[in-house]
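Asks: A structural model of the following input is requested.
(chains A and B)
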Amino acid sequence: MKGLLKFIKNRSVVLLGVWLTCLIGLQGCQAEDSFPVLDNTPYKLSIPAGLPKMPIPDNNDLTQARVEFGKLLFYDPLLSRDSSLSCASCHVQHEAFADKNPISVGIEGRTGLRNVPSIINVGYHPYFFAEGGSPSLEQQLIGPIEDPNEMGFNARELVLRLMGRRKYEDWAWKAYGRSLDMFVISHSLASFERTLIAANSPYDQALNGDSTVMSPSQWRGYELFFSDRVGCGGCHPAPLFTNFKLENIGQYKTYEDKGRYRVSLKEEDIGKFKIPSLRNVALTAPYFHDGSHTSLDEVIEHFNLGGLGHPNQSPAIRPLGLSRSEKEDLKAFLVALTDSSILSEAKWAPNR
Amino acid sequence: MFSKKLLTLISTIALAILVQSCDNAGCLDQGALNYDPEATEDSGNCDFPELRLGMNINIGTEALVYNNVYTIGGVAVSFSNVSFYVSNPRVMTDGVGDQTGKYLLVKAGEAEYDLGEITAGHKHMLMFEVGVDSVTNHANPETYEMENPLSFQSPSMHWSWDNGYIFVRIDGMVDTNNDGTPDETMEFHIGKDSNLKTIAFEVHQEVDTKTELIELDVDVATFFNGIDLSTDYVTHTGDFPDLANAVVANITSMFSLN
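Replies: Model (predicted):
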């Protein structure tokens, strides 16, 4: 005992003890509090030949960490109130990042307002939602999270749900060098969505030199599509096959969903909806803002008849007098805008 | 000769400093509670009144209680949320006054809001806006810290599909089949720049103590004046603008001085 006391009284032993305690204490703190450092390794977007440069917001440069975290969130059901739905529940990869319902089904089986659009090439859109009221992808994606008929949740409650969870905090620090908040969540999700770019359809391959990939019928449809007589290309110009304008296509005489009017409150905007891209259109039935048209044949016939004559109807919508074979050719061309690689592209699929 | 001049200069400066230090130090700001009219030197120690704004959210004259069933215009109604933005509450004397520049998110059950320091004296008017100004209205909630009323709220006070704040949000249930039990979801979500309302009261309040309170009663039933809630009970402003306009016209009359 005396020997032990003497040993402890030895100053160097005490000092060693103090040092060891400090070291263990410090290490403990580090393990508790240290987050990954910001990783700004850029994500290089591969823009297919023929598509323009994608606009990226100044405050959200694409990095690998942001895209990876965004993908994780995209497939994460914690974004919905009852943790039953993720973004991918309605933007289904093997359904061209849309789904086959006229109106998608939200939490507890609720039905929303509109047909879900494909989000392939969504990073090119200048504004969002069918009435064009949301100015950025970062802001848009809060819409489905908070819509009571979609994910039925709330941005603030989502942050409170995820903050403090190690996995999400680690990603937040790695992607943005800050603690998890709605900025981190929305900017990561938008980053992932911007990587959903595709333009390798038979039409693209034909433009890039291999004209044989399009059938004679598809070429005839191509000519019709861009002709002055039919004029589809006026609102659906290449390469994105939309000019992103808001138009009334004479779908109804009275619109229950008033479209752009909901934002502008101007009578002349009743029934105006954002013109969708026709890329991959053969994969994204049903059609129109309310999913009321089940097939491309029905859609083509709508435009052939020239609309129902709403006062705000675009003058571009007029009777076309298409023959049966012309309608078939147009449809064949629309099918040529399908890039089926999007259905299985591994980098967009959830991590296993 | 030269050194004599220098000596005189130094003496003068010394005397000036001495005289100054003998001056009476106090608060020189006439808007402070401890304004000292005798003071000739700023002590840097002024004390200002702090203003609090009371907002009693009522049905009639009784405090609104969530999930209680009330009768408004002959229709049974219950509430699950009543919240609205108040911007830049200010007390004025002859058009000049204390601009607080604050944004408050007023909710049923939270009675008092801190408006910070104002100047003392007679206050003729209280003014504020219900809603937020057009610049702030189109800002993104994610640019604000979570404690800020303009950040994301639950229930949400911002439309992601319309790039603007919800100025007034009232949710609950209404009775649509006249059996006395609310059965359908009621949503009045009012926003848009054109619906910003300025509210002004003559308060004639002498502000002369450290903590000053101006208390308003807000009668939510008045919001629905002229509305048949059994048939008209949902608007997100843009989808049913006529109903939105009808309730916006009632906003001013909801407020009264306690």
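Asks: Residue ranges in the stretch 101-250 of chain A under the pLDDT threshold?
Replies: Along the stretch 101-250 of chain A, the model assigns pLDDT under 70 to no residue.
Asks: That one: helices as residue ranges?
Replies: For the stretch 101-250 of chain A, the helices defined by DSSP state H, counting those that start in this stretch occupy A:137-140, A:142-146, A:155-162, A:166-176, A:182-194, A:202-207, A:216-226, A:232-235.
Asks: Format these as TSV; extra columns: mean neighbour count and distance to B:L64.
Replies: Placement of C-beta: from N, CA and C, glycine included. Shown next, in TSV, are the helices of the stretch 101-250 of chain A (neighbours: other C-beta atoms under 10 Å in any protein chain shown; distance: least, C-beta to C-beta, whole Å):
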stretch	mean neighbour count	distance to B:L64
helix A:137-140	23	32
helix A:142-146	24	25
helix A:155-162	20	23
helix A:166-176	19	37
helix A:182-194	25	30
helix A:202-207	20	61
helix A:216-226	18	59
helix A:232-235	18	50
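Asks: Just send those back as a markdown table, with distance to chain B too.
Replies: Converted to a markdown table, the helices of the stretch 101-250 of chain A look like this (distance: least, C-beta to the nearest C-beta, whole Å):
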| stretch | distance to chain B |
| --- | --- |
| helix A:137-140 | 6 |
| helix A:142-146 | 4 |
| helix A:155-162 | 4 |
| helix A:166-176 | 12 |
| helix A:182-194 | 5 |
| helix A:202-207 | 32 |
| helix A:216-226 | 31 |
| helix A:232-235 | 23 |
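Asks: would CSV of those with distance to B:R169 be doable?
Replies: CSV is the format used below for those (distance: least, C-beta to C-beta, whole Å):
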stretch, distance to B:R169
helix A:137-140, 19
helix A:142-146, 12
helix A:155-162, 14
helix A:166-176, 29
helix A:182-194, 19
helix A:202-207, 47
helix A:216-226, 46
helix A:232-235, 37
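Asks: Quick one: closest of these to B:A111.
Replies: Across the helices of the stretch 101-250 of chain A, B:A111 has its closest neighbour in helix A:155-162 (22.4 Å, C-beta to C-beta).
Asks: near chain A, which residues of chain B show up?
Replies: Proximity of chain B to chain A, by C-beta under 8 Å from any C-beta of the partner chain, involves residues B:140-143, B:146, B:151-156, B:159-163, B:192, B:236, B:238-239, B:241.
Asks: A:Y287 bridge partners, please.
Replies: When assigned by DSSP bridges, A:Y287 has beta-bridge partners A:H293.
Asks: need the contact list for it.
Replies: A:N115, A:V281, A:H293, A:T294, A:S295, A:L296, A:E298, A:V299 (C-beta atoms under 8 Å, 6 or more residues apart in numbering or on different chains).
Asks: Next: B:I190.
Replies: Per C-beta under 8 Å, 6+ apart, neighbours of B:I190: B:I166, B:F167, B:V168, B:R169, B:T235, B:T237, B:A244, B:V247, B:V248.
Asks: pretty sure it is in a strand, no?
Replies: Yes - applying DSSP: H, G, I helix; E, B strand; the rest coil, one finds B:I190 inside a strand.
Asks: and it, bridged to which residues?
Replies: Going by DSSP bridges, B:I190 forms beta bridges with B:V168.
Asks: show me what contacts the residue nearest the centre of chain A?
Replies: Geometric centre of chain A, nearest residue: A:I119, 3.9 Å, by C-alpha atoms, centre = their mean. A:I119 makes contact with A:H91, A:F97, A:A98, A:E193, A:L196, according to C-beta under 8 Å, 6+ apart.
Asks: what separates the third one from chain B, distance-wise?
Replies: Taken as C-beta to the nearest C-beta, to the nearest Å, the spacing of A:A98 relative to chain B amounts to 18 Å.
Asks: any idea what sits nearest that residue, other than its immediate chain neighbours?
Replies: With C-beta to C-beta, 6 or more residues apart in numbering or on different chains as the criterion, A:A98 has its nearest non-adjacent residue at 4.3 Å, and that residue is A:S118.
Asks: residues in contact with A:P276?
Replies: By C-beta under 8 Å, 6+ apart, A:P276 lies in contact with A:P117, A:T242.
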